[in-house]
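Q: what follows is a protein structure lacking sequence information:
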């Protein structure tokens, strides 16, 4: 049985509508703040999203440069599908307002899926804002999305990883403090307790998410050419440490 759903969001960004448009309708732009890999063909009116070897195809149902972009994914055998709509408006005095609607049909596990989408969508909408305001027109040289263990509560560990307390707030100083990664200073940019927290540095943005079915995820987008192999391994090891309390219970 399918269940209709809708998740909405709105952000105000210090960027032009054209800058936002490039961030949501070009593959390199999307890959600079979203997980996975995206390819968008505006002329052919198709978009593809690939993650962990799975590829999903969507039809572009609205293409109004600088204003409106919408897609609808192919239906799965069980009838489920997802659709996205973006609306961009110039703001008086500069900047833009970005509105987002994620809708479609979910399957039997719809409640857990909906809760996960609600958390994830808000996290990625925030990442979009940080990207267009602080990194664009640069695009990410490398992006990582690492799934971790299921945990009951990892908020203290998540905030400690970015050098902030459990009362972390947007805009406060941050310092990446994960074993195996060279400490680096930045700014806390993503706080939604107890679901996600993250930081921005001069050349990267990191987000830690406690989301779908209580699973932990670590994501990073890098905007320089540094070798991040050791850093990726360090994040994987950090995620592994979060499983210990659960396994011991």
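A: Sure, I can see it. Note that this is a predicted model, so its numbers are computed, not measured.
Q: my guess is residue 73 contacts residue 57. True?
A: Yes. Using Cβ atoms under 8 Å, residue 73 makes contact with residue 57 at a distance of 7.1 Å. In this view, the C-beta of every residue, glycine as well, is placed from N, C-alpha and C.
Q: who has more neighbours out of these two?
A: The residue with more neighbours, out of residue 73 and residue 57, is residue 73; 17 against 13, by other Cβ atoms under 10 Å.
Q: and the gap between the closest residue to that one other than its chain neighbours and residue 226?
A: Excluding the flanking residues, the one nearest residue 73 by Cβ to Cβ, 6 or more residues apart in numbering is residue 58, at 4.4 Å. Shown here: residue 58 relative to residue 226, a distance of 33 Å by Cβ to Cβ, to the nearest Å.
Q: same question, residue 111
A: 41 Å.
Q: run through the chain and note the low-pLDDT ranges.
A: By pLDDT under 70, the low-scoring segments of the chain are 244-249.
Q: and the helices in it, which stretches?
A: With helices called from DSSP state H, the chain shows them at 17-25, 27-30, 110-134, 155-161, 229-241, 243-248.
Q: dump these into JSON lines; add distance to residue 62 as well.
A: Below are the helices of the chain laid out as JSON lines (distance: least, Cβ to Cβ, whole Å):
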{"stretch": "helix 17-25", "distance to residue 62": "11"}
{"stretch": "helix 27-30", "distance to residue 62": "16"}
{"stretch": "helix 110-134", "distance to residue 62": "18"}
{"stretch": "helix 155-161", "distance to residue 62": "36"}
{"stretch": "helix 229-241", "distance to residue 62": "36"}
{"stretch": "helix 243-248", "distance to residue 62": "43"}
